[in-house]
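Colleague: fold the following for me, if possible:
(chains A, B, C, D and E, ligands or ions: 4)
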Amino acid sequence: MTEIFGIPLQAFLGQLMLGLVNGAFYAMLSLGLAVIFGLLDIVNFAHGALYMVGAFAAWIMLDKWGVNYWAALVLAPLIVGALGVVIERFFLKRLYGLDPLYGLLLTFGLSLILEGIFRDQYGVSGQSYPVPELLAGSTNLGFMVLPNYRAWVVFASITVCLGTWYLIERTRLGAYLRAGTENAKLVQAFGVNVPMMVTLTYGAGVALAALAGVLAAPVIQVRPVMGSSLIIVVFAVVVIGGMGSILGSVITGLLLGVVEGFTRVFYPEASNVVVFVIMVIVLMVRPAGLFGKEA
Amino acid sequence: MASNELLRIENLHAWYGESHVLHGVNMSVDEGEVVSLLGRNGAGRTTTLRAILGLTGRRTGSIRLRGTEAIQLAPHRIARLGVGYCPEERGIFSSLSAEENLLLPPEIAQGGMGVAEIYEMFPNLKERANSPGTRLSGGEQQMLAVARILRTGARLLLLDEISEGLAPVIVQKLAEMIHTLKAKGYTIILVEQNFRFAAPLADRFYVMEHGRMVREFRQEELAANASMLNEYLGV
Amino acid sequence: MSAETILETQGLTKEFKGFVAVNNVDLKVRRGDIHALIGPNGAGKTTFFNLLTKFLAPTRGNILYRGTDITHERPAQTARRGIVRSFQISAVFPHLTALENVRAALQRNLGTSFHFWKPEKSLHHLHGRALELLAAVDLQEFADELTVNLPYGRKRALELATTMALEPELMLLDEPTQGMGHEDVSRVTDLIKKVSVGRTILMVEHNMNVVSKIADRITVLQRGAVIADGPYAEVSRNPQVIEAYMGSTEAELQGAH
Amino acid sequence: QISGDVIRIGVITDMSSVYADIGGQGSVEAIRMAIAELGGAIGGKKIEVISADHQNKPDVAATKAREWFDTQGVDMLIGGTNSGTNLAMAKVAQEKKKPFISVGAATSALTNEQCSPYTLHWAYDTAALAKGTGAAVVKQGGKTWYFLTADYAFGHQLQADTTKVVEANGGKVVGSVKAPLNASDFSSFLLQAQGSKAQILGLANAGGDTINSIKAANEFGITKTMKLAGLLVFINDIHSLGLNTTQGMFLTDSWYWNQSQETRAWARKFFDKMKRMPSSVQAGDYSAALEYLNAVKAVNSDDADKVLGQMKKAKFNNVFMKNGWVRGDGRVIHDMYLMQVKSPKESTEPWDYYKVVQVFKGEEPWTTKAESKCAMWK
Amino acid sequence: MRTSPAVLVTYLVLLALAIAAPLVGLYPVFVMKALCFALFACAFNLLLGFTGLLSFGHAAFFGFAAYVTGWVVKVQAWPPVVGILGGTAVAALLGLLFGLVAIRRQGIYFAMITLALAQMVFFVCLQAPFTGGEDGLQAVPRGTLFGILPIANDTVMYYVVLAVFVACFLGIKRIVTSPFGQVLKMIRENEPRAISLGYEVDRYKLLAFVLSATLAGLAGALKCLVMGLASLTDVDWTMSGEVILMSLLGGVGTFLGPVIGAGLVISLQDTLADKVGAWVTVIIGAIFVICVLAFRKGIVGEILALLERRKTRV
Ligand SMILES: Nc1ncnc2c1ncn2[C@@H]1O[C@H](COP(=O)(O)OP(=O)(O)OP(=O)(O)O)[C@@H](O)[C@H]1O
Ligand SMILES: Nc1ncnc2c1ncn2[C@@H]1O[C@H](COP(=O)(O)OP(=O)(O)OP(=O)(O)O)[C@@H](O)[C@H]1O
Ligand SMILES: [Mg+2]
Ligand SMILES: [Mg+2]
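Modeller: Ligands and ions are numbered 1, 2, ... in the order given. Have a look, this model is predicted:
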């Protein structure tokens, strides 16, 4: 049988698919992070926690009120987005102009709070969220059996990423955002309500995280630590992609997902660390990241 | 007189961090007037403009726009009272194309110029429409900076050093433009190094020194004040 | 030209993503001069300084200091060669006392700066010299004042004292009178004149009074390029300079009536 | 002579994490049931139980144990789930010369390389699990194995022990992949397993990891090409997976609530309190506490050596085991059961999940003296 | 920098309390643990507080040193002193390594790189044969110090730890006030200016980083002997977060701050862990938020500021 890097072709393709699935999550999460960092200059440590909250929101809605997956796909991001607005208004607002490290520490604290609350409510062991009927079952791709739901995840997240990219690169609002990252004061001097825009951007950014959470719910166990175990990796993704670079973080996300997938084949134990190795190497060579603008 | 008074500034103080830059500025501008602020580098003219829009650090005193007290308002609220600002450093956005830069400022009132009209005024901008903002030549950037606030329908234009670093021919063009705008009834505050540029355009002149208005005179008093300008502008 | 040239730049150029901030500048600074660098805002003066002091790497061109090419040295090396700069926005250590600020500069030549086991006392013998320097800019009564609490003008003076502490051969002053009131301006002007003896000074200055008063030689930048170079009297009459920078002349005004 | 005039039992187990349902609060409750059976006191001396969460971190467990022995006057320590934490507690107990009964931990090292005169290993161990499930599956025709192993001491031990048994029975291990503890997604590991073309996928993991890997195996159609062998499966895992996904699976356990009148009766009492049926570990906790207290009563002292001496010559008869006894290596000897998961049809009531296919009597399932590396049992 | 009599008195009182602690029946192991973390926090604060570098990977030095010490003492059965020195030395080397990679980066990037490097160390500790993986190194014997001091005895061990801590505390104080410390202060206050005065700031930062790593390592080595084990918890990135919290809570850039902060956090975790379960995390998170929003100076910092205001008013 044909082999690539000494592994059978079909195994290779299989891992490629799975890598894409994980990459899809990285992409969506790092996208939100990048948007927030770009405009607010805040490294949003709470991102992972809010991703977790999104997943739980979906699970709770299903568990308590029987709200189905598709509704949750819309509602959860809205709820979390609203939460984000509150966070920005009450906490982050007070930190603008200060060393960005304070933003990092504050959001770190917030993530601890959120995680703690859910740990107390639901314990550490996971809650399982059923795959929606429409996407149940799986398709035999010949080289592997791909659960339909995972295919949907890749499709959905890539769509969202492209959508966001379009919004930011091709629309008027996007123009405000990009201009705002360069010179917020001047944009405000033109009559744009920049403070409001900033608040909503943060809301939107974390809504993306929540959306990723809902998408993830049926794939992995919904559990309080799901975010904190992911966030560090996503940070690495954003840094590698170049902080603030939208497209960069998306592409890097997908790439690293795949890289990680292959690492699982050659040296499974290392799959959790390969991202950081890459990060250090990249930063040694390109301090501003792969797609980042040199200062 | 006070009836068509558009802007009145009283005892305006402004700070950049620790340094106290404006020490009680008083001035007023009438509807349709072109007023020029003269003074040396560092006199505080730019700061005056920035203070009107609330872009400096701390500021105190009183700024009335058509009777509305603006000293407490956020910059975007002030802008929406009909103020357009062309900053000294031009403030062209590198991540936006020239056209995006032009279309960036939201319309804040009726009666702004149409894009076609603007392109007619500055043909070069039309040519460079799709290239990144900061790739434009200094002159083109300057035109862009002015042009983009003409779209918005703002009636009070704060223009800071718009002739700075531009080839004489373009300066000439800008002079014509200001004439046209004046004819259209715009109100303009002109901050200029280039006295030769400002002199024929302005109805009224203020001379600034160390964050204060030290002299005020009208176009027809220009000659009479020659020696004084000499002394203040150090030329 | 002459061996008297202490600093020379050859075709020095700095581009920021396509935007040319400093454009092919050939500059010669003569030893012992007070050399003024003027030009409209954004002309590239600060950038030029940043190139000389290695805070920015030039896109093209060389920097020669006393004949040796220092284009690719690290900032600190350049500083130790005796090229020291002041900043456009005042550069002091806000939460050190005035004395400690000056001492910070004196300490460098001591060579004990990596000795993390030595007590602070090992620096006290520098206080004498530090106080002298403070006295030179009449700040002695502020010696133990925290620098944040000093008025803007005093800070600039302190910065100057600190710069002098390094015994620089070439001082680069970026708008030393910026943000100062009248009296401060004249004080600092005299000060510069005072410290210029036995040194070379290259300074950016918008205030033409100051320039005309103390500058031996003037270079005018516009949009990154040199448009005039020479003694004040000559340059200030150069029509291009008037056009680009001074903006107006008596001639014009007389012409007006 | 009861130290501090109170008999204090400490239980350190997983209260919040992946094994919380298997041990957790249920264990504490089970111990309380034992205490209640002795009327809450012995010779007028009160019996107490205190509990702590080790979060599956050995350092937390060790620190807590040390503190309890030093400051709380704990007379006996019961170790809940998770091998690492139990090995750590065993060390501390040995240093402090206090009895330590490991109920929930799987690693056979507790009575093997790391055996100690103060450690009793109560419910089950990897060796027994391996002999049970491993042998049975090979006999069923599952000759070629691939292991999905939890990447820590317990997982490695379980894989090693099972490999021995498989090979001893003429089977063959074609490969294995180590997955990090609490991995969120097993799919790529499973793909590798599938690539191996082995007949049997041996799950050398526990709790949440087992659940997730079985789920993913179904999702990716692995179960169509391979048969799963859960090497450590608790009834709670079956409960949360449902019979549809698990029916027909073989597993080995030390106890099952639905075996006899007696077990059912006790289980119902437990159910009334915890709203779920007891796991074998929880039943084990009950019996461990009970037998310890009986010993205390017998020697009328809570002195470690006296009580342990008594326990080592006693015969245990309780709801958890019949004719149980302590072997020289600290291994508590009792029957083990090979069970098969019922199909939804076969199941007559909630929690009715197993049918017992084979009983391993007395010493049969456990490590033999020949195999043992326990110094004090030579 | 001169210590005022008031401060001096505070130090003496605290020292007296520390010496008396075991006699008044405080559980020595707990206090030792607290002291180890206090030292860890002080080491971290030397970097954040007195150099202005936020490292998000300090757990690596703390935890890895613990492993090395454990391995030397338990597996190699060498004397405890060798273990402690070994652990500390390795931490120093690790610090040099981290520093060389990270030091040129600023702010967020610096934090992220240190974090990434620390994750690699975590990976090594998880996989390397000598660390015992998930179980960590257990039952590390204390043995006898210099072959005479029976540190297996908690009380003896306690005074040894206390002595080491006090020595390091004074050491850090010295470092900060030394000529080197002066340069660090300049860098923190105005880095471009320090450069223009001719200081190779990167080298100073590097030395500061190595010193900090070394002391963090010493703290880890001690903790390993005190608790008798080295485990993954000590190399986990959340540990890096905790040490930040300790410094932040007590007061970044103050000497006593990290000590107070460490004491509070440790006792908080110790007392609350069993009572409120997961709420510990919530509470700690809340403290983080409050510190950042309400008092960035931290407890000690705020007190000092208060006294300062008093002085100026009088
Ligand atoms: N961001 C700033 N921080 C501190 N001081 C500033 C800042 N911007 C300007 N200043 C100071 O405020 C004073 C007034 O500056 P301003 O820009 O208003 O001068 P100006 O009259 O516009 O002259 P020009 O525009 O020709 O430089 C100057 O002394 C300048 O140094
Ligand atoms: N980091 C940078 N990136 C992009 N452009 C820059 C950068 N720094 C400076 N510039 C541009 O380079 C030009 C020269 O800047 P510089 O600060 O040297 O002017 P200057 O002569 O010092 O002006 P001023 O008199 O106001 O100080 C300006 O147009 C400025 O916008
Ligand atoms: Mg100006
Ligand atoms: Mg400048």
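Colleague: once you drop chain neighbours, what's closest to the residue in the stretch 101-250 of chain E that chain B sits nearest to?
Modeller: Residue of the stretch 101-250 of chain E nearest chain B, by C-beta to the nearest C-beta: residue E:190 (13.9 Å). Every residue, glycine included, has its C-beta placed from N, CA and C. By the measure of C-beta to C-beta, 6 or more residues apart in numbering or on different chains, the closest residue to residue E:190 outside its immediate chain neighbours is residue C:93, 5.4 Å from it.
Colleague: list the contacts for the one you found?
Modeller: C:100, C:101, C:104, C:147, E:185, E:186, E:189, E:190, E:193 (C-beta atoms under 8 Å, 6 or more residues apart in numbering or on different chains).
Colleague: let's see 6 Å
Modeller: Neighbour list for residue C:93: C:101, E:186, E:189, E:190 [criterion: C-beta atoms under 6 Å, 6 or more residues apart in numbering or on different chains].
Colleague: wait, doesn't the second one sit right on residue E:196?
Modeller: No. Under the criterion of C-beta atoms under 6 Å, residue E:186 is not in contact with residue E:196, lying 10.7 Å apart.
Colleague: I'd like to know which elements the one helix or strand residue D:215 maps to is packed against.
Modeller: Assigned by DSSP states H and E, residue D:215 belongs to helix D:207-219. Using 3 or more C-beta pairs under 6 Å, 6 or more residues apart in numbering or on different chains; DSSP states H and E as the contact definition, the elements that helix D:207-219 packs against are helix D:187-195, helix D:235-241.
Colleague: which residues touch the last one?
Modeller: Residues from elsewhere that reach helix D:235-241, judged by C-beta under 6 Å, 6+ apart: D:21, D:22, D:210, D:211, D:214, D:246, D:279, D:353.
Colleague: so the first one: helix, strand or coil?
Modeller: This means residue D:21. For residue D:21, the secondary-structure state derived from DSSP: H, G, I helix; E, B strand; the rest coil is coil.
Colleague: model confidence for it, exactly?
Modeller: Among the per-residue scores, residue D:21 holds a pLDDT of 84.
Colleague: once you drop chain neighbours, what's closest to it?
Modeller: Sequence neighbours aside, residue D:236 is the residue nearest to residue D:21 in space, at 4.5 Å (criterion: C-beta to C-beta, 6+ apart).
Colleague: for residue C:143, give me the pLDDT.
Modeller: Turning to residue C:143, the model gives it a pLDDT of 86.
Colleague: and if you look at the one 3 residues further on?
Modeller: pLDDT for residue C:146: 87.
Colleague: output stretch E:170-190 as PDB, nothing but the C-alphas.
Modeller: Taking Å, rounded to 0.1, in the frame of the first residue of the first chain, the C-alpha atoms of stretch E:170-190 are listed here in PDB:
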ATOM      1  CA  LEU E 170      18.100  39.700  52.800                       C
ATOM      2  CA  GLY E 171      20.000  38.600  49.600                       C
ATOM      3  CA  ILE E 172      17.200  39.900  47.400                       C
ATOM      4  CA  LYS E 173      17.100  43.200  49.400                       C
ATOM      5  CA  ARG E 174      20.800  43.500  48.700                       C
ATOM      6  CA  ILE E 175      20.500  42.800  45.000                       C
ATOM      7  CA  VAL E 176      17.800  45.400  44.600                       C
ATOM      8  CA  THR E 177      19.800  48.100  46.300                       C
ATOM      9  CA  SER E 178      23.100  47.100  44.700                       C
ATOM     10  CA  PRO E 179      24.600  49.000  41.700                       C
ATOM     11  CA  PHE E 180      23.100  46.300  39.600                       C
ATOM     12  CA  GLY E 181      19.700  46.900  41.200                       C
ATOM     13  CA  GLN E 182      20.000  50.600  40.300                       C
ATOM     14  CA  VAL E 183      20.400  49.700  36.700                       C
ATOM     15  CA  LEU E 184      17.400  47.400  36.900                       C
ATOM     16  CA  LYS E 185      15.400  50.300  38.300                       C
ATOM     17  CA  MET E 186      16.500  52.500  35.400                       C
ATOM     18  CA  ILE E 187      15.400  49.900  32.900                       C
ATOM     19  CA  ARG E 188      12.000  49.600  34.600                       C
ATOM     20  CA  GLU E 189      11.500  53.400  34.700                       C
ATOM     21  CA  ASN E 190      12.700  54.300  31.200                       C
END
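Colleague: buried sites along that stretch?
Modeller: Applying a neighbour-count criterion of 16 or more other C-beta atoms under 10 Å in any protein chain shown, one finds E:171-190 buried in stretch E:170-190.
Colleague: and residue B:223, how close does it get to ligand 2?
Modeller: Counting by C-beta to the nearest ligand atom, to the nearest Å, the gap from residue B:223 to ligand 2 is 31 Å.
Colleague: swap in residue A:255?
Modeller: 30 Å.
Colleague: give me the number of residues near that residue?
Modeller: Neighbours of residue A:255 under the rule other C-beta atoms under 10 Å in any protein chain shown: 19.
Colleague: can you give me the strands for chain B?
Modeller: For chain B, the strands defined by DSSP state E occupy B:5-16, B:19-30, B:34-38, B:59-65, B:68-69, B:83-86, B:156-160, B:187-191, B:204-209, B:212-218.
Colleague: can you add mean neighbour count and mean pLDDT and give these back as a markdown table?
Modeller: Formatted as a markdown table, those follow (neighbours: other C-beta atoms under 10 Å in any protein chain shown; pLDDT from 0 to 100):
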| stretch | mean neighbour count | mean pLDDT |
| --- | --- | --- |
| strand B:5-16 | 19 | 90 |
| strand B:19-30 | 19 | 89 |
| strand B:34-38 | 24 | 91 |
| strand B:59-65 | 17 | 91 |
| strand B:68-69 | 10 | 90 |
| strand B:83-86 | 26 | 92 |
| strand B:156-160 | 23 | 92 |
| strand B:187-191 | 24 | 93 |
| strand B:204-209 | 22 | 90 |
| strand B:212-218 | 15 | 89 |
